[in-house]
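Enquirer: here is a sequence with its predicted model. Questions after.
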Amino acid sequence: MTNKNDQSSKWDERYMSGEYRPRTEASSLIKIATERMDCKDKRCLEVACGNGRNSVYLAEKGYEVDAIDVSTVALSRARERGENAKVDVNWILGDVDEFEFVEEEYDVIVVDFYYCEKELIESIKKSLKVGGLIIYEHHIRTENEIERGPSKDKYRFKSNELLDYFSDLTILYYREGIRRVDRGSMAISSLVARKTEGDSQKYPDEIGGSMSQK
Ligand SMILES: C[S@@+](CC[C@H](N)C(=O)[O-])C[C@H]1O[C@@H](n2cnc3c(N)ncnc32)[C@H](O)[C@@H]1O
């Protein structure tokens, strides 16, 4: 079993050596899913925030952002990004498996390219307010030839696994497929879901429409 220190130094080493080359632009899925949301007084959590590209984007939009990552190197880069952008983010250095998720705390929770075990997913759902959004993208298993993502299937979701985990929420957008980026192709599942109550809901315009044109 690996502990926080192992995880931290493993990721520090990946960042320092350049073995992991993080993207610098905020995720398109996050941009589209939040573009029409009123972010005044809204609280957001980014799980495994890395270099802070998404958290800083959300803070620039006006969200109050908590962002956790286990890597000291990642978090110091994230802090610097936040300072350059002149935004406040509550950067938390720690293991997300030890994070105390408070019930109904967040309006938006973002997980971008981090594999959460089922137990962590349950904590995330618990910590969303009713009406709150989860925005999640991660690598999936595939038969295609791909260049990017975890080498072990263990850290990739199975087809529909992410969808199944969040099927008790309202799924506003879900897609699996191959994405080609400058450094190669990857197999990704993308999900936007809202914690809801009741059988009938008010839907935002266009999440699916605008995403499917990307
Ligand atoms: C593939 S990177 C993604 C970073 C960021 N979400 C992004 O998309 O740019 C995965 C991140 O997870 C972090 N991480 C790994 N294990 C963690 C843990 N147990 N708790 C918190 N962060 C963790 C790593 O330090 C790394 O920054």
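Expert: Nice, thanks for sending it over. Residues are numbered from 1 along each chain as shown.
Enquirer: stretch 39-56 close to the ligand?
Expert: Yes. Contact of stretch 39-56 with the ligand (CB under 6 Å from any ligand atom) involves 48-51, 53. Any C-beta I mention is one placed from the backbone N, CA and C, and that applies to glycine too.
Enquirer: among those, which lie within helices?
Expert: Among those, the residues falling in helices (DSSP state H) are Arg53.
Enquirer: so can I have TSV of the residues of stretch 39-56 next to the ligand showing pLDDT and neighbour count?
Expert: Converted to TSV, the residues of stretch 39-56 next to the ligand look like this (pLDDT from 0 to 100; neighbours: other CB atoms under 10 Å):
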residue	pLDDT	neighbour count
Ala48	98	20
Cys49	98	29
Gly50	98	24
Asn51	97	23
Arg53	98	20
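Enquirer: same list, the residues of stretch 39-56 next to the ligand, but as a markdown table with distance to Val65 please.
Expert: Shown next, in a markdown table, are those (distance: CB to CB, whole Å):
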| residue | distance to Val65 |
| --- | --- |
| Ala48 | 14 |
| Cys49 | 9 |
| Gly50 | 14 |
| Asn51 | 14 |
| Arg53 | 12 |
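Enquirer: so who does the residue in the chain positioned nearest to the ligand touch?
Expert: Here the chain gets closest to the ligand at one residue, Gly50, 2.5 Å apart by CB to the nearest ligand atom. Applying CB atoms under 8 Å, 6 or more residues apart in numbering to Gly50 gives the contacts 22, 69, 71, 74, 78, 112-113.
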